[in-house]
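# Structure here, sequence nowhere to be found:
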Ligand SMILES: Nc1ncnc2c1ncn2[C@@H]1O[C@H](COP(=O)(O)OP(=O)(O)OP(=O)(O)O)[C@@H](O)[C@H]1O
Ligand SMILES: [Mg+2]
């Protein structure tokens, strides 16, 4: 059964399933480099998925939905900034609270706006296939625009932003030694707000990808822990985007393979649960191997306040 | 210098009036007035915790004052953040490095200056090299700050402030980590800067330096400005103004007689170790320290002292050789095992040796928590008693419950010393014991070290203060590029001879 079309389909699914993770990981990487852990990621992806869908459904255009998701992500980041930067609240508590709040809000909105007898659907983003003529290999390139953007735009741009721009320099300084950044005339608060909002927008796009592209619908528990996976991928990536993307691809590969093996003859003896757990076990193994001596940003989890 | 020549044109570049700052019920600055003229070096003196750093942090916008006003060039300015201070032409080298350790020197210099969409690393590097040449301060733009010795980091700090073209430069204990040659180089730079009309505030505990470079000296005592004197006021008078009483130097009592075959307590044999990037930093070093003896290590910073101390304190693995305390091997052992062997460790990086977020009392028992644990967990009453006793004995200006991070630089150092010396270790490895301490406190700490020597401890002392090294040590060992290049009794060592050895110009027989 493992033939060309199986492999092409598997590779294609790997990139597709990695897409929301790449957005989430990029967003969380930017955020954490400023010294803030954003556990609101799961909720931010969720609200992105919901807002994107609801607006697209209302207006009838997924592109407007995507913009709405970005706005929702910016707002979610700003709220996290208000809690952790302005108020100096505990980052764990703030992030978890944000996730719970945003999921609650989305579900409330879903019940008020969309719930009826049948599942509401929109016309999702189309897939592109520039290399359809290549057969099985061409299958790999049959992807949504957002997937192309994730790998060809967002990942390199994140790398550029962190390593090659004055903002990135400030970002890293604020995350490592906020006192030094402050003494150099950099506003720690403004930098962290910016990081949280950029990160929030990216996370929300990751969530919206699921409703606006893959499904064309919003269902409860649509994010299904992808935000938590991104948190692990940031550590696996050692706060660098390229290793984070690699981690996302590995996870998505194992995940996609598991889904396909379930329906392959000869593999039906393996419990379904094990197949589903496989990618998560892979994350745990990868973390155990690479998480040691992880170069956490120096000011990780620490609020900054002048005396 | 040292004369009371007023600034180039006598105009104050910056004037502080009525600055007051309270931390809880502690008054760190109490209605302080201070002005610095263009072309003037104005020194700020005071005991540890007198409020010097606080005053300067207020001027630089790192701390907000409760009351008071700032004028720059005769115009009132409001300084809410370092950004405002930088805009007003004020630059500061803080007492504790504010550098980003994982970044390179060039990146640190570019911090807060780089603008636009693209970070031009090549330009940053060029800029760092230019600044380094212009001010005669040697740094490698591509070195990672975390890999540099403290002395080198200090140079980067100074360069960082200068590279911003400030008109008022605050230097908070810039020489604390510099060797004499570096101090001379810094002073030459400062003289060039005042000739250009810069106003400089210079904080130091070294009265000789203060007299050498300043036009005027202001003295703070418990937050109050007790007076301003001409720069050439004699040292005894300055010390009296600071502490309110005359001070006396310490002197080393006669050496304890040793039998020729007496075994050393601390024995280092053929020790080698790698430094940052795996390059050899300590090469085949052998040193023996007997009971009741102080052996001093002299050397320009970055010649293997840091790594040697790290190996001896269990923080770095040696690549070859051995070290023993009372016969127990300690090289490559864990810090706990090193301490169990009877070694007391006072490394040079204070901030890495203390938990800044924990109170003084817990930091004081950190190395022997087991002694303070009862059947029901930590014995808080005993911990408090211990803290009260050590705070009084070492004259630490803090309460047991204060977080160490809020203490003044000198008092942080005292906490570390108290923790180690109170355990009465049989061997002590101590690096830069009086760095950042005021005159009275330095004297006290040196007295404590000599008291440990009299009690029979074997002490290995690393210090960049040659006077201190020669006063305290029975023998001096000179390190150059990780090797022992000379060893002599301190009576036979004079600063010139040591200077040559430290510069690698001469190898003693
Ligand atoms: N953020 C803070 N919170 C509470 N107390 C503080 C804080 N910063 C400084 N202090 C206290 O204010 C006093 C003055 O400290 P400061 O650092 O200005 O002293 P200093 O003169 O610079 O001493 P040193 O020579 O040791 O550096 C000290 O008692 C210190 O403990
Ligand atoms: Mg100070």
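Yes, it's here. Just so it is clear, the structure is predicted and the values come from calculations on it, not from any experiment. Ligands and ions are numbered 1, 2, ... in the order given.
# what's near enough to touch residue B:310?
The contact partners of residue B:310, by C-beta atoms under 8 Å, 6 or more residues apart in numbering or on different chains, come to B:273, B:316, B:347. For glycine as for every other residue, the C-beta is placed from the backbone atoms N, C-alpha and C.
# Identify the residues contacting the second one.
Yep, that's residue B:316 we're talking about. Here residue B:316 is in contact with B:273, B:307, B:310 (C-beta under 8 Å, 6+ apart).
# Which helix or which strand is home to the first one?
Here residue B:273 is covered by strand B:266-274, with elements defined by DSSP states H and E.
# Strand partners (parallel or antiparallel) of that strand?
As defined by DSSP bridges, the strand partners of strand B:266-274 come to strand B:280-289 (antiparallel), strand B:320-325 (antiparallel).
# The residue in the stretch 51-200 of chain A that ligand 1 sits nearest to: helix or strand, and which one exactly?
Of all residues in the stretch 51-200 of chain A, the one sitting closest to ligand 1 is residue A:179 (11.6 Å; C-beta to the nearest ligand atom). Per DSSP H and E: residue A:179 is located in helix A:178-183.
# Quick check: beta-bridge partners of the residue nearest to residue B:95 when sequence neighbours are not counted?
Spatial nearest neighbour of residue B:95, chain neighbours left out: residue B:172 (4.1 Å); criterion: C-beta to C-beta, 6 or more residues apart in numbering or on different chains. Residue B:172 forms beta bridges with residue B:203, as assigned by DSSP bridges.
# Look at the closest residue to residue B:101 other than its chain neighbours and report its pLDDT.
Closest residue to residue B:101 apart from its sequence neighbours, by C-beta to C-beta, 6+ apart: residue B:146 at 3.6 Å. Here, the pLDDT recorded for residue B:146 equals 87.
# what's the answer for residue B:2, then?
Predicted confidence (pLDDT) for residue B:2: 41.
# quick one: contacts for the residue of the stretch 351-500 of chain B found nearest chain A?
Taking C-beta to the nearest C-beta, chain A has its nearest neighbour within the stretch 351-500 of chain B at residue B:406, 7.9 Å off. By C-beta under 8 Å, 6+ apart, residue B:406 lies in contact with A:307, B:23.
# for residue B:242, what are its contacts?
Residue B:242 makes contacts with B:45-47, B:50, B:219, B:221, B:438-440, as judged by C-beta under 8 Å, 6+ apart.
# Check which residues of the host helix or strand of residue A:30 are buried.
Residue A:30 belongs to helix A:4-33 when assigned by DSSP H and E. Of the residues in helix A:4-33, those with enough neighbours to count as buried (16 or more other C-beta atoms under 10 Å in any protein chain shown) are A:8-33.
# Equivalent analysis for stretch A:67-85, please.
Using 16+ other C-beta under 10 Å as the test for burial, stretch A:67-85 gives A:67-81, A:83-85.
# wait, does it contact chain B?
No: shown here: stretch A:67-85 not in contact with chain B (C-beta under 8 Å from any C-beta of the partner chain), separated by at least 14.9 Å.
# For the closest residue to ligand 2 within chain A, give its distance to residue A:91.
For chain A, the residue closest to ligand 2 is residue A:307, as judged by C-beta to the ion, at 13.2 Å. Shown here: residue A:307 relative to residue A:91, a distance of 21 Å by C-beta to C-beta, to the nearest Å.
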